[in-house]
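Novice: Structure, please.
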Amino acid sequence: MKILNVTMVMILTMLSYAWAQSGKSKTIEQLAAYAGPDREQILLEGAKAEGKVIWYTSLSGGSYETIVDVFRKKYPDIEIEVYRAGSTDLSQKILAEAQANRNIADAIESTPPILMLLREKRLIRPYTTPVLKKYPEGARIKADGDQVFWVTDREAFIGFGYNTKLIPPAAVPKNFDDLLRPELKGKMAFSIESTGDQVIGTMLKFKGKEYVNKFKSQGVKLFKLSGSALRDLIISGEMASSPTIFQDHALVKIEQGAPLGWVPMDVVPTNAGGSALFAKAPHPHAALLLIDFIIGADGQGILEKFKYGVAWKDYPFKRYYTERNMSSAQYQTALKDWHKIVRTLGRQ
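Specialist: You can find the predicted model right below:
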């Protein structure tokens, strides 16, 4: 028995070594599906030979810059080139490159609507990694077997932000029904960007049309502003509150001493971000190494530092992903319908 065990160890070692030596010649399908104990070694050696990775992302500000800096320090032999843009510009660039048959990018980190579109266009491919074990089933966008098209690596929660000098503690809502309180009438701003559309979609899903009609009577003022700009409007006191404020935007200013509070409603619209592998990645070893970095301890620590939520943690509220169980076309139609309703909520 002892001789048999030693023999098996030797065979496994030799197979692992052979895989590592031939890893560079493996197809991208085989590489994406490999989850053996020497996976990181194989990816690293292949990535060194490839020399670089090209990453597309819609992450903003210091978060993606810090990911790049830390990745470079951990893997100094691998250059990381980044193209950062909003999801709309990013999708247009990718589709134009695909139409021209130009395979430029290796990996992408962006929001589900663009990832859904890329999956439907077969521009991303399934992959697996041992890191997936940390993530709940709901965070894994499943492909065949144990592979995923992407995994949710960051979350941004939309809730009620308010000026603590203008909204007393007793008036702070705890759920959607509380937004109908008379003391909040005329004191709420509402984004007419996609954030507001998602909030309306959530209200319709969980509270219905009658609730939305009642919410219209609250004298909401509409603003075509980014999330951070609307937050700053509340801090300045120009508006008292809004149910379309991101938690991560709020926490940054709260830590700086701003007169700002943030609370979740009973259901929280959640913007997710995910990491995916391009179907024809020119540098597949480096691409998978970067994905593992982002969804692993290093990347998740960075994203938490920048106040993002993470899919593998529990939070004291119900998260709702407005795009789930829809195709990209269905979701775009839903957003347009929700946006029409947002426009009827109040005045600009």
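Novice: Endpoints of stretch 309-322, how far apart?
Specialist: One end of stretch 309-322 to the other measures 17 Å (Cα to Cα, to the nearest Å).
Novice: buried ones in that stretch?
Specialist: By neighbour count with 16 or more other Cβ atoms under 10 Å, stretch 309-322 contains the buried residues 309-311, 317, 319-322. For every residue, glycine as well, the C-beta is placed using N, CA and C.
Novice: residue closest to the middle of the protein?
Specialist: Nearest to the mean C-alpha position of the chain, by Cα atoms, centre = their mean, lies G273 at 1.2 Å.
Novice: Narrow the buried residues of stretch 309-322 to those in strands?
Specialist: Among those, the members found in strands (DSSP state E) are 319-320.
Novice: Which pair in the buried residues of stretch 309-322 has the greatest spatial separation?
Specialist: Greatest spatial distance among these (Cβ to Cβ): V310 and T322, at 19.2 Å.
Novice: follow-up on the earlier one: nearest to I104 among the buried residues of stretch 309-322?
Specialist: Ranked by distance to I104 (Cβ to Cβ), those are led by A311 at 28.3 Å.
Novice: For that closest one, give me its contacts.
Specialist: Contacts for A311 (Cβ atoms under 8 Å, 6 or more residues apart in numbering) come out as 135-136, 138-139, 151-153, 155, 272.
Novice: measure it to E183 for me?
Specialist: For A311, the distance to E183 (Cβ to Cβ, to the nearest Å) stands at 36 Å.
Novice: what do you get for I200?
Specialist: Distance check for I200 against E183: by Cβ to Cβ, it reads 22 Å.
Novice: Same question for R125.
Specialist: R125 is 53 Å from E183, where distance means Cβ to Cβ.
Novice: cool, and V199?
Specialist: Note on V199: its distance to E183, by Cβ to Cβ, is 20 Å.
Novice: Please say which of these two ends up with more neighbours.
Specialist: A direct count of neighbours by other Cβ atoms under 10 Å for V199 and E183 places V199 higher, at 25 against 12.
Novice: The contacts of A311, buried ones only, as a PyMOL selection?
Specialist: One line in PyMOL is enough to select the buried ones among the contacts of A311; burial here means 16+ other Cβ under 10 Å:
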select buried, resi 135+139+151+152+153+155+272
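Novice: from the contacts of A311, which ones fall inside strands?
Specialist: Counting by DSSP E, the contacts of A311 place 151-153, 155, 272 in strands.
Novice: and the residue nearest to N103 when sequence neighbours are not counted, which of the three is it?
Specialist: Counting by Cβ to Cβ, 6 or more residues apart in numbering, K280 is the residue found nearest to N103 once chain neighbours are left out, at 4.2 Å. At K280 the chain is in coil, as set by DSSP: H, G, I helix; E, B strand; the rest coil.
Novice: how much space between K280 and A32?
Specialist: In terms of Cβ to Cβ, K280 sits 12 Å off from A32.
Novice: quick one: pLDDT of K26?
Specialist: If you check K26, the pLDDT there is 74.
Novice: Apart from its chain neighbours, what residue comes closest to it?
Specialist: Y34 (7.6 Å).
Novice: Near the one you found, how many other residues are there?
Specialist: Around Y34 sit 18 other residues, with neighbours defined as other Cβ under 10 Å.
Novice: Touching, it and I42? I think so.
Specialist: Yes: under the criterion of Cβ atoms under 8 Å, Y34 is in contact with I42, at a separation of 7.1 Å.
Novice: Dump stretch 162-175 to CSV, restricted to CA.
Specialist: The C-alpha coordinates for stretch 162-175 follow below in CSV (Å, rounded to 0.1, in the frame of the first residue of the first chain):
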residue,chain,number,x,y,z
TYR,A,162,-30.1,62.5,3.5
ASN,A,163,-28.7,65.7,5.0
THR,A,164,-28.5,65.0,8.8
LYS,A,165,-29.2,68.7,9.5
LEU,A,166,-32.3,68.8,7.4
ILE,A,167,-33.9,65.4,8.1
PRO,A,168,-34.4,64.6,11.8
PRO,A,169,-33.7,61.0,13.0
ALA,A,170,-37.4,60.3,13.5
ALA,A,171,-38.2,61.2,9.8
VAL,A,172,-35.5,58.9,8.3
PRO,A,173,-37.3,56.2,6.4
LYS,A,174,-36.6,52.5,7.0
ASN,A,175,-38.5,51.1,3.9
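Novice: And it, what's buried?
Specialist: 162-163, 167, 171-173.
Novice: And that stretch, how far out from the chain middle?
Specialist: 29 Å (Cα atoms, centre = their mean, to the nearest Å).
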